[in-house]
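Engineer: Predicted model and sequence follow; I will ask about them next.
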Amino acid sequence: MSSAPSPGADRSADPYLPEHGNGGYRVEHYDLDLDYQVGPNRLDGQARISAVATQALSRFSLDLADLRVRRVLVDGKLAKHTHSGGKLRIRPQRAIPEGAGFRVEIRYSGTPKPIRGRWGEIGWEELTEGSLVAAQPIGAPSWFPCNDHPADKAAYRVSFTAATPFSVQVTGNLVSQQRRGSTTTHVFERPEPTSTYLMSVQVGPYTDVPLIGGEVPQRAAIPARLSERFAFDFGRHGQIMDCLQELFGPYPFGGHVVVVTDDDLDDPVEAQGMSIFGANHVDGQRTHERLVVHELAHQWFGNSLTIADWRHIWLNEGFATYAEWLWSERSGGPTAQQHAADWHAQIAGDLAIADPGVDRMFDPQVYKRGAITLHALRHELGDQPFFALLRRWATDHRHGTVSTPDFTALAAEFGTPDGFFTRWLDEEELPPLPS
Ligand SMILES: [Zn+2]
């Protein structure tokens, strides 16, 4: 958030999703204690949020969807609150001075459900047996109170209790598991700065499967019925990881977990240190390997380097798509040049991807033209400087937030010609592909 909001007002610096995110403070840590019953899809939660006021606050707000708030404390004292339209508005007993740290405790409960929006239903979703969270870009408030803006990255501890037979995967490192009667409490810690939309919970009848790889621990939680197909489809996960590390630098998290749900999903999705696929993405033929690469590449571009606001989404999707093409050319498939030429011939070329607008932020052109732009840049710079630029980009901004001007400024240091990004990113017309 760049400019100072008016005192205590709901405000987000995001031009695309102004209804999400709140001004006046930054969150440092979320501590979530969640108790979940799978059958009735019932969630009982306690959130302890540690934040710092960026201005004096007589009131402030958080994003939280249709869950019932039972009690709110600020610094241990009961606080007045109202909850409607996805906003939890809180008035502490005493104003919080600028620069002061403060702690909010919220007890809440209900039956979580996805948030309806222009992209369909996003967030907490019930599965046939279990549930999942796929929160990009507006789904986080479906399961916890938060400052739902991609740039307000924080650390997390999540304690999640569910019936013992269920596999529970939360984005983070598993630090303890304790069985009590018929339930098990799983505690996860996520120390790296993480956007709200990249937090995820996966509950289902899954079996743990190791993924063979190099030094980065990689594993999967999958329905046992898909074991054989999965072993083939994800058989090169370790090699893909090694390839992306060579291209972009060290993997940014302590480990990676792949979740395959027993239900079909429209699209796979990335979370912090996690990729989520539907049963339909596992066919025993490696049909969807490019998506394995895509979701893994988001760990660098999107998750470690998070966009400052949603206008810059090509920095996530263009880079993840280009990673697909790089893996293709390195694993004996079509070259990046062939992929770029194919897509260049197919896409319309009527979208300025540096600011595609909220209605078109997930337009295929953001993905494909974004990747073609990187390919054209590679052509301009030459392989050695181009890949050095990608590694510098991923290293300099590791665990930070980024914007298109940040990238174009760095690329200029590597000799990008004047006007290159204007043509490729700011103008609607698609420039010719260099051959
Ligand atoms: Zn993507």
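Structural biologist: That came in fine, so what should we check first? Residues are numbered from 1 along each chain as shown.
Engineer: can we go C-alpha only for contacts and neighbour counts from here?
Structural biologist: OK.
Engineer: Can you show me the strands along the stretch 251-400 of the chain?
Structural biologist: 256-260, 269-271, 274-277, 306-307 (DSSP state E, counting those that start in this stretch).
Engineer: how about the first one as CSV, C-alpha atoms only?
Structural biologist: In CSV, the C-alpha atoms belonging to strand 256-260 read as follows (Å, rounded to 0.1, in the frame of the first residue of the first chain):
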residue,chain,number,x,y,z
HIS,A,256,6.9,-28.9,-1.9
VAL,A,257,3.7,-30.9,-1.6
VAL,A,258,1.5,-32.0,-4.5
VAL,A,259,-2.2,-32.6,-3.6
VAL,A,260,-4.5,-34.5,-6.0
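Engineer: Buried by neighbour count: which residues of the worst-scoring helix or strand of the chain on mean pLDDT qualify?
Structural biologist: Across the helices and strands of the chain, the lowest-confidence element by mean pLDDT, DSSP states H and E is strand 115-117, at a mean of 93. The neighbour-count check on strand 115-117 (16 or more other Cα atoms under 10 Å) flags Ile115 as buried.
Engineer: ok so, going back, could you export the strands of the stretch 251-400 of the chain as a markdown table, including mean neighbour count?
Structural biologist: Formatted as a markdown table, the strands of the stretch 251-400 of the chain follow (neighbours: other Cα atoms under 10 Å):
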| stretch | mean neighbour count |
| --- | --- |
| strand 256-260 | 26 |
| strand 269-271 | 26 |
| strand 274-277 | 26 |
| strand 306-307 | 26 |
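Engineer: could these go into CSV alongside distance to Glu429 and mean pLDDT?
Structural biologist: Formatted as CSV, those follow (distance: least, Cα to Cα, whole Å; pLDDT from 0 to 100):
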stretch, distance to Glu429, mean pLDDT
strand 256-260, 38, 98
strand 269-271, 30, 97
strand 274-277, 34, 98
strand 306-307, 24, 98
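Engineer: Figure out which of those is closest to Ser50.
Structural biologist: Across those, Ser50 has its closest neighbour in strand 306-307 (21.0 Å, Cα to Cα).
Engineer: Adjacent strands (with direction) for the closest one?
Structural biologist: Paired neighbours of strand 306-307 in the sheet (DSSP bridges): strand 401-402 (parallel).
Engineer: quick one: the partner strand to chain centroid distance?
Structural biologist: Taking Cα atoms, centre = their mean, to the nearest Å, one finds strand 401-402 lying 13 Å from the centre of the chain it belongs to.
Engineer: immediately after that strand, which helix or strand?
Structural biologist: Where DSSP states H and E defines the elements, the next helix or strand beyond strand 401-402 is helix 404-413.
Engineer: list the buried ones in that following helix?
Structural biologist: Neighbour counts over helix 404-413 (16+ other Cα under 10 Å) mark Thr404, Leu410, Ala411 as buried.
Engineer: next one: stretch 428-435
Structural biologist: Residues of stretch 428-435 classed as buried by neighbour count (16+ other Cα under 10 Å): Glu428, Leu430.
Engineer: Between the two ends of it, how far is it?
Structural biologist: Terminal residues of stretch 428-435 lie 21 Å apart, using Cα to Cα, to the nearest Å.
Engineer: before we move on, what about stretch 416-432?
Structural biologist: End-to-end distance for stretch 416-432, by Cα to Cα: 17 Å.
Engineer: that older thread, with distance to Ile353 added, can I get the strands of the stretch 251-400 of the chain in JSON lines?
Structural biologist: Output for the strands of the stretch 251-400 of the chain, formatted as JSON lines (distance: least, Cα to Cα, whole Å):
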{"stretch": "strand 256-260", "distance to Ile353": "30"}
{"stretch": "strand 269-271", "distance to Ile353": "21"}
{"stretch": "strand 274-277", "distance to Ile353": "25"}
{"stretch": "strand 306-307", "distance to Ile353": "14"}
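Engineer: closest to Gln337 out of these?
Structural biologist: Among the strands of the stretch 251-400 of the chain, strand 269-271 sits nearest to Gln337 (Cα to Cα), with 26.2 Å.
Engineer: what sits up against the closest one?
Structural biologist: With contacts defined as Cα atoms under 8 Å, 6 or more residues apart in numbering, strand 269-271 is touched by 134, 171, 197-200, 275-277, 295-296, 298-299, 303.
Engineer: Give me the buried positions along stretch 92-105.
Structural biologist: Pro92, Ile96, Gly101, Phe102, Arg103, Val104, Glu105.
Engineer: ugh, wrong one, I meant stretch 176-195
Structural biologist: Buried, per 16+ other Cα under 10 Å, within stretch 176-195: Thr183, Thr184, Thr185, His186, Val187, Phe188, Glu189, Arg190, Glu192, Pro193, Thr194, Ser195.
Engineer: And the furthest pair within the residues you listed?
Structural biologist: Across the buried residues of stretch 176-195, the longest distance by Cα to Cα is 29.9 Å; it joins Thr183 and Pro193.
Engineer: just to revisit the earlier point, now, which of the buried residues of helix 404-413 sits nearest Tyr251?
Structural biologist: Lowest distance from Tyr251 to those (Cα to Cα) belongs to Leu410, with 21.0 Å.
Engineer: which ones are touching that closest one?
Structural biologist: Leu410 neighbours (Cα under 8 Å, 6+ apart): Leu389, Trp393.
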